[in-house]
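> build me a model from this:
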Amino acid sequence: MQFILIRLQNLFYPPLPEFALQTDTANVLDYIRERVVTILLRLCVIFGFLSVSVGTVSLWIKQDWAGILIGNIAFICIIFLAANRKIHHRLRSAAFVSVAFAFLFLNLVKGLTEFSLVPLFAFVVMTTLLMGRRGGVYAFIISVLTLLFINWRLSTGELPYERTIVTFSDPLFSLLSLYTDWLFFVGIFFFTTWIYFDGFNIAWQREQRATRLLAEERDRLAEAFAREQALLEQLSQAHQREIELSRLKSQIITTVSHEFRTPLTVINNSVELLTRYGDSFSIAKREEIQKRIENSVYALTDLLQDASMVNKAYSQGFQANMARLPFNGMSQRLKKDLLQATGEPANVVFEFNKQDETAVCLDYDFLYQAVFSLLTNALKYSPPDASVHILLVQQGELIVSVRDHGVGVAPEDARRIWEPFIRGGNVTDKQGLGLGLYLAKRLIQAMEGTVTAVSPGLDQGSTFTIQIPAKPC
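You can find the predicted model right below:
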């Protein structure tokens, strides 16, 4: 039973198929119009069967053979149009309104009643709904001409006017004919309008769904574009780093090769002297030559170590291994290691509170290497007898300052001295790669600290200050 009801529902109310979002909107609306025409024709068959049947009996009683012929021929045409859905909906619409007007006109030629203008109004409305604005304009013109024709025939007396409103005392089929005709016109008008708005609602829902999916796709594309932009930025930065690293490596090779010449020459000459004349040299002379060789080897080692650390800073970055250390113990250890590494110079003075056991959080190796670079620079660029003061203070943050009385820093070099391979214009006569300050800054930055330089001017010394903020480890 349910299967039969579903088939009947699909027969008189065909469902709208699912359309892909890629389907053109015009194609969807065209299918909706075809569906409206099909349903309208099938509704005409349903309502018309009852109306034609009752009307035929009523006209049979009145012996109106022309009315019976006209009504049944029109009904057969409607059945044919309703059954042949393969015919294009525009052609079926034109045929339907043509049949409707022919039926209407032939009835108007026979005589005028109270309801003669109802089908004429329905004709204009149906034509507009089925064939659009242009069809509605033509239907309106035809209706006006038809009204003029009716008025003319009424004026000449050629068109009889008959009362069709019946009373309850009139024959049953005359009464039923009135109500079935009214049911036909009102029912067709009502259901057609309903179906039309239902089609528009379906199209509107589809457009809303398409708009929503389009917005989602737009957001997805925007996110994808943002990700692509971020990735492009990362690739650009990586590419820039690769270019910078390549330039740096080239510069390292050039600079190191240049800086290697002096210690290698010293080693080569010293070895040659020992080889040729070693036996004739005194012990003091041999020790002096061996010391030069040893110092040159240390210089080469430092050069290689600095170059390796710069390469690591660019390619991998420094990762600090932070640990809690007591301030006084860390200061004492730093003093011992620095003095030992620099040959126990007598002009280096350390100042720190030996009683302060406050814990500080830092990477000791990073701090040592940074202060060692500052100290060796201070010793290198200061007179041999000039003192170098190293002050360590713990006051909410760790402060380490290295103050010398050397050549100082020119104002125009103050910003550039932190860049790799950059040396002040007043120290070019000294051997060096120009990496110490750069590495010191990168090591301190790895501990989220800062390092700054202050100099009154050339030959007035300078003070380099390291600040490492206090934080829990």
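
> please count neighbours and contacts with C-alpha atoms only from this point.
Fine.

> give the buried residues for stretch 76-93.
Residues of stretch 76-93 classed as buried: 78-79, 81-82, 89, 92-93 (neighbour count, 16 or more other Cα atoms under 10 Å).

> I'd like those as JSON lines, with pLDDT, secondary structure and distance to V186 appended.
Output for the buried residues of stretch 76-93, formatted as JSON lines (pLDDT from 0 to 100; DSSP: H, G, I helix; E, B strand; the rest coil; distance: Cα to Cα, whole Å):
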{"residue": "I78", "pLDDT": "77", "secondary structure": "helix", "distance to V186": "18"}
{"residue": "I79", "pLDDT": "81", "secondary structure": "helix", "distance to V186": "19"}
{"residue": "L81", "pLDDT": "79", "secondary structure": "helix", "distance to V186": "21"}
{"residue": "A82", "pLDDT": "78", "secondary structure": "helix", "distance to V186": "19"}
{"residue": "H89", "pLDDT": "78", "secondary structure": "helix", "distance to V186": "23"}
{"residue": "R92", "pLDDT": "82", "secondary structure": "helix", "distance to V186": "21"}
{"residue": "S93", "pLDDT": "81", "secondary structure": "helix", "distance to V186": "19"}
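
> from those residues, which two are the most distant?
I79 and H89 (14.7 Å; Cα to Cα).

> right, and the helix or strand after the worst-scoring helix or strand of the chain on mean pLDDT?
Ranking every helix and strand in the chain by mean pLDDT, DSSP states H and E puts helix 2-12 at the bottom, with a mean of 55. Moving toward the C-terminus from helix 2-12, the next helix or strand (DSSP states H and E) is helix 25-62.

> mean confidence score for that following helix?
The average pLDDT within helix 25-62 is 73.

> so which elements touch that helix?
Packing contacts for helix 25-62, counted by 3 or more Cα pairs under 8 Å, 6 or more residues apart in numbering; DSSP states H and E, involve helix 2-12, helix 65-83, helix 89-110, helix 117-156, helix 172-277.

> buried residues in the third one?
If you call a residue buried by 16+ other Cα under 10 Å, then helix 89-110 has these buried ones: 89, 92-93, 96-97, 99-101, 103-105, 107-108.

> so which of the residues you listed is the closest to L375?
Nearest to L375, judged by Cα to Cα, of the buried residues of helix 89-110 is H89 at 96.1 Å.

> and the residue most central in space within the chain, what does it touch?
For the chain, the residue nearest the mean C-alpha position is E223 (1.7 Å; Cα atoms, centre = their mean). Neighbour list for E223: empty [criterion: Cα atoms under 8 Å, 6 or more residues apart in numbering].

> distance check, it against P160.
77 Å (Cα to Cα, to the nearest Å).

> cool, G132 as well?
35 Å.

> now P469
From P469 to P160 the distance is 111 Å (Cα to Cα).

> the two: who's more crowded?
When neighbours are counted by other Cα atoms under 10 Å, P469 and P160 differ, and P469 comes out ahead with 16 against 13.

> for that one, which non-adjacent residue is spatially closest?
Nearest residue to P469, sequence neighbours excluded (Cα to Cα, 6 or more residues apart in numbering): E397, at 4.6 Å.

> would you agree the one you found is in contact with I468?
Yes: assessed by Cα atoms under 8 Å, E397 is found in contact with I468 at 5.7 Å.

> looking at the two, which is more packed in?
Per other Cα under 10 Å, whichever of E397 and I468 has more neighbours is I468, with 22 against 15.

> which ones are touching T127?
Applying Cα under 8 Å, 6+ apart, we find T127 in contact with 93, 97, 135-136, 139.

> closest to L59 among those residues?
Nearest to L59 out of the contacts of T127 is V97 (Cα to Cα; 23.8 Å).

> possible to save the helices and strands packed on helix 25-62 as a markdown table with distance to I293?
Shown next, in a markdown table, are the helices and strands packed on helix 25-62 (distance: least, Cα to Cα, whole Å):
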| stretch | distance to I293 |
| --- | --- |
| helix 2-12 | 104 |
| helix 65-83 | 112 |
| helix 89-110 | 105 |
| helix 117-156 | 105 |
| helix 172-277 | 5 |
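
> quick one: which of those helices is nearest K285?
Closest approach to K285 among the helices and strands packed on helix 25-62 (Cα to Cα): helix 172-277, 9.7 Å.

> okay, angle between the closest one and helix 25-62 too, please.
Interaxial angle of helix 172-277 relative to helix 25-62 (axes from the mean of the first three to the mean of the last three Cα atoms, to 10 degrees): 170 degrees.
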